[in-house]
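**Student:** Need a 3D model of the sequence below.
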Amino acid sequence: MRLTGERQTDLAAGIRISQTRISRKQSGAATWTLDDLDRLSAHYGIPVPDLVAGVDRAIQCLPAPRRRPAHHQPLTLRAVRLSSGRRVVD
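**Tutor:** Below you'll find the predicted structure:
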């Protein structure tokens with residue numbers, strides 16, 4: 001999210017879940033579902049396999065139009081763990 005300049009409310013609207021659910025998923029209090037991953041993939045324009053391949057891969061695959069301007073970036077994305085133990089980009 002930091003790479004794109006989005007807030008939790010932006011992401012929540014983009015993938016059609018509540019900001020509270022985004023917060024819980026990002027903190028690890030709730031897990032990301034396969035449906036969530038499909039919506040994240042569509043929202044960010046990153047194929048699901050690249051989302052779950054790790055933070056570095058997801059960053060490489062993020063389309064340039066989805067990135068915020070470079071002068072606004074301290075860039076770090078967080079990886080969050082799915083219930084399966086896999087990590088996805090936040």
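**Student:** Which is the succeeding secondary structure element to the longest helix anywhere in the chain?
**Tutor:** The helix that spans the most residues within the chain, counting by DSSP state H, is helix 34-44. Sequence order places helix 48-52 as the next helix or strand after helix 34-44, per DSSP states H and E.
**Student:** Can you tell me the element Arg24 falls in?
**Tutor:** helix 19-27.
**Student:** Tell me the buried residues in that helix?
**Tutor:** The neighbour-count check on helix 19-27 (16 or more other C-beta atoms under 10 Å) flags 22, 25-26 as buried. (Glycine included, C-beta is placed from N, CA and C.)
**Student:** cool, stretch 39-46 as well?
**Tutor:** 39-41, 43-44, 46.
**Student:** out of those residues, which one sits closest to Gln60?
**Tutor:** For these, the closest approach to Gln60 (C-beta to C-beta) belongs to Ile46, at 9.3 Å.
**Student:** Which residue, neighbours along the chain excluded, lies closest to the closest one?
**Tutor:** Cys61 (4.6 Å; C-beta to C-beta, 6 or more residues apart in numbering).
**Student:** who's in contact with the one you found?
**Tutor:** The contact partners of Cys61, taken as C-beta atoms under 8 Å, 6 or more residues apart in numbering, are 46-47, 50.
**Student:** I'd like those written out as JSON lines, with pLDDT and distance to Gln8 added.
**Tutor:** Conversion of these to JSON lines gives the following (pLDDT from 0 to 100; distance: C-beta to C-beta, whole Å):
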{"residue": "Ile46", "pLDDT": "94", "distance to Gln8": "18"}
{"residue": "Pro47", "pLDDT": "95", "distance to Gln8": "23"}
{"residue": "Asp50", "pLDDT": "94", "distance to Gln8": "22"}
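**Student:** tell me the pLDDT at the residue nearest to Pro47 when sequence neighbours are not counted?
**Tutor:** Closest residue in space to Pro47, ignoring its immediate chain neighbours: Ser41 at 6.1 Å, by C-beta to C-beta, 6+ apart. Per-residue confidence for Ser41 comes out at a pLDDT of 94.
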